[in-house]
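1. Output the structure for:
(one chain, ligands or ions: 1)
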Amino acid sequence: MAAVKDDLRCPVCGEGILQELGPEADAVQGPETRQRQTYSCGHDVAEPPLEATATDGGLEVERRATEDTVDPPPETS
Ligand SMILES: [Zn+2]
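-> Numbers count the residues shown, from 1 in each chain. Sure thing, here's the model as predicted:
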């Protein structure tokens, strides 16, 4: 149970552990713009935004759906 998740391991040296960014860091950069991860070993690894990969396939589907939809229903709030 003491083992550290591979996700938290430094991909550079494999020894460092991902540093937890406090709420203050999120307030400054925001969770969406956070592209760098600092590890306890001192390595600073750039990481692509999760949105880029998460919405890559979604956008295509959404675009296709939009083309097929001639008269989209108005949004009601
Ligand atoms: Zn490292």
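2. contacts, neighbours, all on C-alpha from now
-> OK.
3. For the ion, what's the nearest residue on the protein?
-> residue 13 (4.1 Å; Cα to the ion).
4. so which strand or helix has that residue?
-> Assessed by DSSP states H and E, residue 13 sits outside every helix and strand.
5. who touches it in this structure?
-> Shown in contact with residue 13 (Cα atoms under 8 Å, 6 or more residues apart in numbering): no residues.
6. Over to it: give its phi and psi.
-> phi -110, psi -20 (degrees, to the nearest 10).
7. what residues does the chain put near the ion?
-> Where the chain comes near the ion, counting by Cα under 5 Å from the ion, the residues are 10, 12, 13, 16, 41, 43.
8. in this protein, what spans have low per-residue confidence?
-> Across the chain, residues meeting the criterion (pLDDT under 70) sit at 1-4, 21-35, 47-67, 69.
9. how about the residues of the chain next to the ion, which pair is most distant?
-> 12 and 41 (9.6 Å; Cα to Cα).
10. So for the two, which sits in the more crowded spot?
-> The neighbour comparison of residue 12 against residue 41 (other Cα atoms under 10 Å) goes to residue 41, with 16 against 12.
11. So the more buried one sits against residue 19, correct?
-> No - under the criterion of Cα atoms under 8 Å, residue 41 makes no contact with residue 19, lying 9.4 Å away.
12. what's the burial count for residue 71?
-> Neighbour tally, residue 71, other Cα under 10 Å: 8.
13. ditto for residue 10
-> With other Cα under 10 Å as criterion, residue 10 counts 22.
14. Please report how far it lies from residue 19.
-> As judged by Cα to Cα, to the nearest Å, residue 10 and residue 19 stand 10 Å apart.
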